[in-house]
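Chemist: With the input below, show me the fold.
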Amino acid sequence: MTFASPPRPRPAAPRRRGPLVPTLVTLAALVVVLLVLAQVWTEVMWFSQLGYLEVLRTEWVTRGLLFVAGFAVMAAGVGFSLSFAYRARPVYAPTQEQANLDQYREAIEPLRRLVLIVGPLVLGLFAGGAASQQWSTVQLWLRGGDVGRTDPQWGMDLGFYLFTLPGLRFVVSFLMAVVVLSGIAAVATHYLYGGLTVGGGRGAQRTTRAARVHLSVLGALVLVLVAANYWLDRYSILTKQQTGEQRWQGAGFTDVHAVIPSKAILAVAALVVAGAFVATAFTSNWRLPAIGVGLMVVAAIVVGGVYPAIVQRFQVQPNQQDAEADYIQRNIDATLAAYGLEDVETSEYDANVTAEPGALRENAETTASIRLLDPNIVSPSFKQLQQIRGFYSFPDSLAVDRYTIDGESRDTVIAVRELDQNGLNAGQRNWTNDTTVYTHGFGVVAAYGNTRGARGAPAFWEGGIPSQGQLGEYEPRIYFGQQSPSYSIVGGPESSNGWEFDYPDDEGGVGSVQYRFPTQDVSAGPSIGTLWQKLLYALKFGDEQILFSERVNEHSQILYDRDPRERVEKVAPFLDLDGRVYPAVVDGRVKWIIDGYTTSDQYPYAAVRSLEDATTDSLTERSASVQALLPKQVNYIRNSVKATVDAYDGSVDLYAWDAEDPILQAWTDVFPTTLKPMSEISGDLMSHIRYPEDLFKVQRALLGQYHVTNAAEFFSGNDFWQNPADPTVTNSDVPQPPYYLTLQMPGEDQARFSLMSTFIPGGSTARNVLTGYLAVDAEAGNTPGEVAEDYGKMRLLELPRDSTVPGPGQAAANFTADPRVSEQLNILARGDSIVRRGNLLTLPVGGGLLYVQPVYVQAAAGTTYPLLQRVLVSFGDEIGYAETLDGALDQVFGGDSGADAGDAGAPDPGTGVDPDATEPGDDGTVEPTPTPTATPTAEPTDRATPAPPAGGGTLSPDARAALDDALGRAQQAIQDGQAALADGDFAAYGEAQSRLDQAIRDAVAAEGGLGG
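Modeler: Numbers count the residues shown, from 1 in each chain. As a prediction, this is how the structure comes out:
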């Protein structure tokens, strides 16, 4: 019987991979590409539209090349080291040590190829990223030239320190990282595969020939790079930041006579030891390099550490003032040069403290220009009186500028009426309104700085919607500003009237005027008319409405990155920008003006300062619109660029302001088409360019010490100054900000628009008396392409060492302590009112120093904004307090100051409405200016209990009854006024304020009635 064999099973057919996985991978790759393009290509479009594609291209190409170079060098170095060590492994290593490593070799063998490839690639990526960050260092190294000045130690041109030395240090440190990581990879691989052993008896061969050569070469390279570092240290020590209590910087006696020679010795020693490593490659004797490394360590400790310490302890410290004198002088001279302080005009000023009649007669122009409007307080007044609609806004700190009005230059407080979409009602907030309707602000608002309007409101000379005033016709639409929306889409068919809200208007019957941005004639942003462009921007901003909205068409442009500072930062990445951006109406357009700085921390012997610390003051601490500079350490700074941003079309212009600056010259070679020459600055623009605040802050911080130019006096440090704390901010030691004023410095023949600051003795326990007064001519003139001769001229008044002139803090304390002032401030602060003191200004007039401080009153709640009610003045020990500056000056100077203040003849803050002072109402009509009160704030206020009558007496019964009656009427008038203002009844509001003024007068009169 036979049996049939069972059939053989058929082999399973290979499973076909379905299309799902490749499809998903492809889609994921496309999504990634699109997301990258949404960021990268939109940047290209933004820069291209603005005309600065060269900046982006140069930066990206430089970064890309450095990335590739850094990646290639690191990956090649580490990869070659790993590969060579593996290929040079011994075939058989019969030692117990190597037998113990078998398990590790077996574990890593499946991953060996991955480690040999991926490891170097990963390190290369990190190295490439680090190298690309040094693109500016490399560009300056390649483009930088000679400065024309030499350092006092080596006699080398300063261009070597500013441009070449940072580049060399980058290369050396990068190569050191490559060689060290390659060495670590080589040691690990040789040890793992038997080319290097640790154990073994005396005389045993611990390395193979290949491992010995490999490690010797790497060791020699490390030592060569160490030698290069030591050699470069000899130059870098000239920018050394001293530690401890030493007040000067740069190389001192010990550095020059001990540290620098020790660096040279150690550099030579490192080269010798490198030679020992090379010799080992041929002799197989590791003893010589080992001894060399040990001796180097000992030399580094003894020669590099102990010897300089001995010199400092036994040679320098016993005679430190004489030993360090030359080096302190180097520090003084270099600091003054690096910070532009060499030409400060210093003069002694023996300030008079006795107020005499007619003392201000010689300072009539300065007196008439004293600014009463505090730009850091009156923003709520601008908002309440000129906001017009709730979706308009003003910055919390306004700008001070000067404009020619009726042939006379007037200091002006000015602000732009920007769009603030947070002011829209919740029902108005949707994509269409936010993106295509509410797209821009409208117009500027300007007020005289030296006077006031009715009841203490700002005296506006430009405002309203449409704009009316002294500026004439200009383009009022503000598409680019500090509070602009993140992005807007503008433009439409020429046949349409547009759908953008332009400004409110009740005459047309629809409540507003519509506007269409003329994208056919004006380019303000990248085009967004094609499907591809819509897709990219929809991905960039995460808004699918961009793809589907019919308001996005072939005529549309998209506006983004609209903050003026941000725009300048992007097109000029080599600049540090001033903390304040200020507007000006120039040649019929609103321009934002920004100061740009070139900086370095490589200027030999110059003092190093933190830009953040030097520019932080009471204003930057409390303002959202004014910033301190970045926390960056520098020892060289120049205001090399003036930048403007057009508020209508966003165009950015960069003007080379300091063409002699070597750093700017280098960047001009890097970006040859980016900067415009100063000759292209129009006369109108020139008239609004001013000396920058942050540069002045840095310079005044330096002058606190470096006004002392004698090395011996500098060493003693007994004449160092500091900037006073702002007396208007309680419980704070941050410095008082500098102020723009039109003033005539002693010895000068005319008043100039200036930036000023004061000094008091240094130290936390020093008296608050004035020791110095600094002012810089801040006016650039009005000649096209030409700067005024005295622009940037710094004048420093030094008061006698025994000066008793009060400092700002003491002057403010004197105001508070004066019985008459305290009494009347307490009256103003009664009820629901708050008294706020404005900026305390200091002016060198009348042969002494005059302090002026405006006093504002505001309600504590409700619709509030501040109004200027009184002015405080002091000169020496005399104090004036009146409703006008003119009256307060006359009080101080014996009834006649000899000059008229700017508010002479201005409406009394306690009288009715000035018929000539009108403001546009919310409905577009012109209403009399009501008495304003201000937004509640955390700033210092004077809320006090009633002070006793001057002289310490008590009120008679009749006087007490009269006082109580007056205070009751004042309280009722305040409540009636707030109710009238809430109802929009300005006539009733004015009547209530008149009753309030009369009640205050009656209260003052009653409190003057002293009993026995």
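Chemist: quick one: Asp343 and Lys793 touch, right?
Modeler: Yes: assessed by Cβ atoms under 8 Å, Asp343 is found in contact with Lys793 at 7.4 Å. Quick note: C-beta positions are derived from backbone N, CA and C, even for glycine.
Chemist: With neighbour numbers in mind, choose between those two.
Modeler: Taking neighbours as other Cβ atoms under 10 Å, Asp343 and Lys793 compare with Lys793 leading, 19 against 9.
Chemist: need the next SSE after the helix or strand that contains Leu963, C-terminal direction.
Modeler: With secondary structure defined by DSSP states H and E, Leu963 is part of helix 957-983. Once the chain leaves helix 957-983, the next helix or strand it forms, by DSSP H and E, is helix 986-1007.
Chemist: Check the offset of that next one from the chain's centre.
Modeler: How far helix 986-1007 lies from its chain's middle: 45 Å, per Cα atoms, centre = their mean, to the nearest Å.
Chemist: same for it, what does it pack against?
Modeler: helix 819-828, strand 926-928, helix 957-983 (3 or more Cβ pairs under 8 Å, 6 or more residues apart in numbering; DSSP states H and E).
Chemist: need the least confident one among these, by mean pLDDT.
Modeler: Lowest mean pLDDT of those: strand 926-928, a mean of 36.
Chemist: what about the helix or strand hosting Tyr191, distance to the chain center?
Modeler: Element membership for Tyr191 (DSSP H and E) is helix 165-192. Taking Cα atoms, centre = their mean, one finds the center of helix 165-192 at 38 Å from the center of the full chain.
Chemist: Does anything pack onto it? Which helices or strands?
Modeler: Packed next to helix 165-192, using 3+ Cβ pairs under 8 Å, 6+ apart, are helix 53-87, helix 102-108, helix 112-132, helix 135-143, helix 209-236.
Chemist: tell me the angle of that helix relative to helix 209-236?
Modeler: Here helix 165-192 runs at an angle of 160 degrees relative to helix 209-236 (axes from the mean of the first three to the mean of the last three Cα atoms, to 10 degrees).
Chemist: Could you list the buried residues of helix 165-192?
Modeler: Buried residues in helix 165-192, counted by 16 or more other Cβ atoms under 10 Å: 165-172, 174-179, 181-183, 185-187, 189-192.
Chemist: For His707, what are phi and psi?
Modeler: In terms of degrees, to the nearest 10, the main-chain angles of His707 are phi -70, psi -20.
Chemist: and the residue lying closest to Asp965 once chain neighbours are set aside, what is it in contact with?
Modeler: Nearest residue to Asp965 in three dimensions, chain neighbours excluded: Asp1002, at 7.6 Å (Cβ to Cβ, 6 or more residues apart in numbering). Residues near Asp1002 by Cβ atoms under 8 Å, 6 or more residues apart in numbering: 962, 965-966, 969.
Chemist: Next: Pro583.
Modeler: Taking Cβ under 8 Å, 6+ apart as the test, what Pro583 contacts is 399, 414-416, 444, 590-593, 647.
Chemist: Looking at the residues you listed, spot the one nearest Val68.
Modeler: Distance to Val68 across those (Cβ to Cβ) is lowest for Trp592, with 38.2 Å.
Chemist: count of residues packed around Gly423?
Modeler: Quick note: Gly423 (other Cβ under 10 Å) scores 14 neighbours.
Chemist: was I right about it contacting Lys383?
Modeler: No: at 10.1 Å, Gly423 does not count as touching Lys383 under the criterion of Cβ under 8 Å.
Chemist: Please enumerate the shared neighbours of those two.
Modeler: Ser393.
Chemist: where exactly do the helices run in the stretch 501-650 of the chain?
Modeler: Under the criterion DSSP state H, counting those that start in this stretch, helices of the stretch 501-650 of the chain are mapped to 531-541, 545-548, 564-571, 611-615, 618-622.
Chemist: So which elements touch the longest one?
Modeler: In other words, helix 531-541. Helix 531-541 packs on helix 20-50, helix 545-548, going by 3+ Cβ pairs under 8 Å, 6+ apart.
Chemist: my guess is Lys540 meets Trp41, correct?
Modeler: No: taking contacts as Cβ under 8 Å, Lys540 lies outside contact range of Trp41: 9.4 Å.
Chemist: more crowded one of these two?
Modeler: In terms of neighbours (other Cβ under 10 Å), Lys540 is the more surrounded of Lys540 and Trp41; the figures are 19 against 16.
Chemist: quick one: contacts for the closest residue to that one other than its chain neighbours?
Modeler: Nearest residue to Lys540, sequence neighbours excluded (Cβ to Cβ, 6+ apart): Ala38, at 4.5 Å. Residues in contact with Ala38 (Cβ under 8 Å, 6+ apart) are 536-537, 539-540.
Chemist: Run a quick neighbour tally on Gly129.
Modeler: For Gly129, the tally of surrounding residues (other Cβ under 10 Å) stands at 14.
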